[in-house]
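**Student:** need a structure here:
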Amino acid sequence: MLPPLAEVRDVHRFDEAALARWLAEHVEGFRGPLTVRQFRGGQSNPTYHLDAGGREYVLRRKPPGKLLPSAHAVDREYRVITALGTTGFPVPKTYGLCGDPDVIGTIFYVMECVHGRIITDPQIPGLTPRERAGIYDSLNETLARLHTTDWRALGLADFGRPGSYFARQIHRWTQQYRASETETIEAMERLIEWLPAHLPADDETTLVHGDFRLGNTIIHPTEPRVVAVLDWELATLGHPLADLAYNCLPYRFTRDWEGLADKDLAALGIPTEQEYLAAYCRRTGRAAIADWEFCLAFSMFRLSAIAQGIMGRVVAGTANDPNARERGRRARPLAEQAWALLATRAG
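**Tutor:** Just a heads-up that it's a prediction; the model follows:
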């Protein structure tokens, strides 16, 4: 099973013959002829399905055009996926990285094409309660495994800056928010003041995915388990509870945002937030989770800043997503929900 494929968009076309020559030289066992199609969806890094000689591959590349220096770092994606693959962690096998932009116009990497189910709705419709429970348990185990991976042993000691993750992220997203601000959101102003003054006392560092959610995994075609984690563009060294809180946000959202807050979780077979956290703590050897409301509020704050960035592009007339205005409108309610979590602590 694969996500929908389409003809390559005009803006993302490249010299397929040049790619075939590179593949023949760098990917063991490659043989043509080569057929290239593009995965549909809003990936920030254009992603292609390659069919050649009865084998399938996936290609991820930087998008064409002028980019921010640190954006769309497919070389970082390739590095972390390749490193994790040596441990048996569920990631696609990598075949090669091309750092020469002259081959197809931008740098790219090639990896295994993993078949399975991509499920974006956290309610996981159409399955049995037992299957849903298995998928959530596998998600939990996968995230715990990532956070207990020895990143130093994998040669990833320079993959990010150890420590001060929350402080640096709050500063970064505050700047992003200010750069695209279109109105005053009182709750956001309060968060910008409160969050950096109440950072968690512990400052641990693990490998983090940055966007770990059900929709960024591939579930086995018939079994309730994760077979691949995708979209490592935001991966870095960071605080594991930021990853965990982001993963748990559906528990705090209602059906308007494909959330679980108004669902009968027991009937669905989905663990409660408390059960999910307890399983994570057991797997990572953590006695408890302190500052959980802070971690959740930080994740909502980050999403609010992202939504404001989208709204900024709507106002500027540069948004490409047809749903951009709707997504941008989430900035205010996200900030208000984050502040409501913290209001009792803030006094």
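**Student:** name the SS class of the closest residue in space to Glu28 that isn't next to it in sequence, please.
**Tutor:** Closest residue to Glu28 apart from its sequence neighbours, by Cβ to Cβ, 6 or more residues apart in numbering: Tyr95 at 7.8 Å. Using the backbone N, CA and C atoms, a C-beta is placed for each residue, glycine as well. Here Tyr95 is recorded as strand under DSSP: H, G, I helix; E, B strand; the rest coil.
**Student:** please apply the same query to the one 10 residues further on.
**Tutor:** Assigned by three-state DSSP, the conformation of Gly105 is coil.
**Student:** so it makes contact with His12?
**Tutor:** No: assessed by Cβ atoms under 8 Å, Gly105 is found out of contact with His12, at 9.3 Å.
**Student:** which residues do the two both contact?
**Tutor:** Pro64 (Cβ atoms under 8 Å, 6 or more residues apart in numbering).
**Student:** where along the chain do the helices fall?
**Tutor:** Assigned by DSSP state H, the chain shows helices spanning 16-26, 74-85, 129-147, 165-179, 186-194, 240-248, 265-268, 273-284, 292-316, 324-328, 331-346.
**Student:** in TSV, list those along with distance to Ala201 and mean pLDDT.
**Tutor:** As requested, the helices of the chain are exported to TSV (distance: least, Cβ to Cβ, whole Å; pLDDT from 0 to 100):
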stretch	distance to Ala201	mean pLDDT
helix 16-26	48	96
helix 74-85	28	96
helix 129-147	18	98
helix 165-179	11	94
helix 186-194	16	97
helix 240-248	12	97
helix 265-268	31	97
helix 273-284	17	98
helix 292-316	11	91
helix 324-328	34	85
helix 331-346	14	89
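**Student:** what residues are up against the most centrally placed residue in the chain?
**Tutor:** Centroid-nearest residue in the chain: Asp211, 2.4 Å away (criterion: Cα atoms, centre = their mean). Going by Cβ under 8 Å, 6+ apart, Asp211 touches Asp231, Glu233, Leu234, Tyr246.
**Student:** I figured the first one hits Asn216, correct?
**Tutor:** Meaning Asp231. Yes: the criterion here is Cβ under 8 Å, and Asp231 meets it with Asn216 at 4.7 Å.
**Student:** so how far is Ser304 from Arg313?
**Tutor:** 15 Å (Cβ to Cβ, to the nearest Å).
**Student:** so those two - more neighbours on which side?
**Tutor:** Taking neighbours as other Cβ atoms under 10 Å, Arg313 and Ser304 compare with Ser304 leading, 26 against 17.
**Student:** how many residues are close by the closest residue to the more buried one other than its chain neighbours?
**Tutor:** Using Cβ to Cβ, 6+ apart and skipping residues adjacent in sequence, the residue nearest Ser304 is Leu334, 3.9 Å away. Leu334 has 27 neighbours, counted by other Cβ under 10 Å.
**Student:** quick thing: my sequence starts at 598, can you match it?
**Tutor:** New numbering, starting at 598: the last item is Leu931.
**Student:** in contact with Leu931, which residues?
**Tutor:** Per Cβ under 8 Å, 6+ apart, neighbours of Leu931: Met897, Phe898, Leu900, Ser901, Ala904.
**Student:** what's the answer for His768, then?
**Tutor:** Pro793.
**Student:** give the contact list for Asp861.
**Tutor:** By Cβ under 8 Å, 6+ apart, Asp861 has no neighbours at all.
**Student:** now do it, the pLDDT please.
**Tutor:** Listed pLDDT for Asp861 reads 96.
**Student:** before we move on, what about Glu855?
**Tutor:** Note for Glu855: predicted pLDDT of 80.
**Student:** cool, Pro793 as well?
**Tutor:** On pLDDT, Pro793 comes in at 97.
**Student:** so it touches Arg769, yeah?
**Tutor:** No: contact criterion Cβ under 8 Å: Pro793 and Arg769 do not qualify, at 11.5 Å.
**Student:** do you know how far the residue nearest to the centre of the chain is from Pro722?
**Tutor:** According to Cβ to Cβ, Asp808 stands 22 Å off from Pro722.
**Student:** now do the domain split for this structure, please.
**Tutor:** Domains of the chain are assigned by automatic domain parsing as 602-709, 726-943.
**Student:** and the nearest residue to Arg880 once chain neighbours are set aside, how close does it get to Asp672?
**Tutor:** Leaving aside its chain neighbours, Arg880 sits nearest to Ala741 (3.6 Å; criterion: Cβ to Cβ, 6+ apart). Going from Ala741 to Asp672 by Cβ to Cβ gives 27 Å.
**Student:** comparing those two, which shows the higher neighbour count?
**Tutor:** Ala741 (20 against 14).
**Student:** who are the neighbours in contact with that one?
**Tutor:** Ala741 neighbours (Cβ under 8 Å, 6+ apart): Ala876, Tyr877, Arg880, Thr881.
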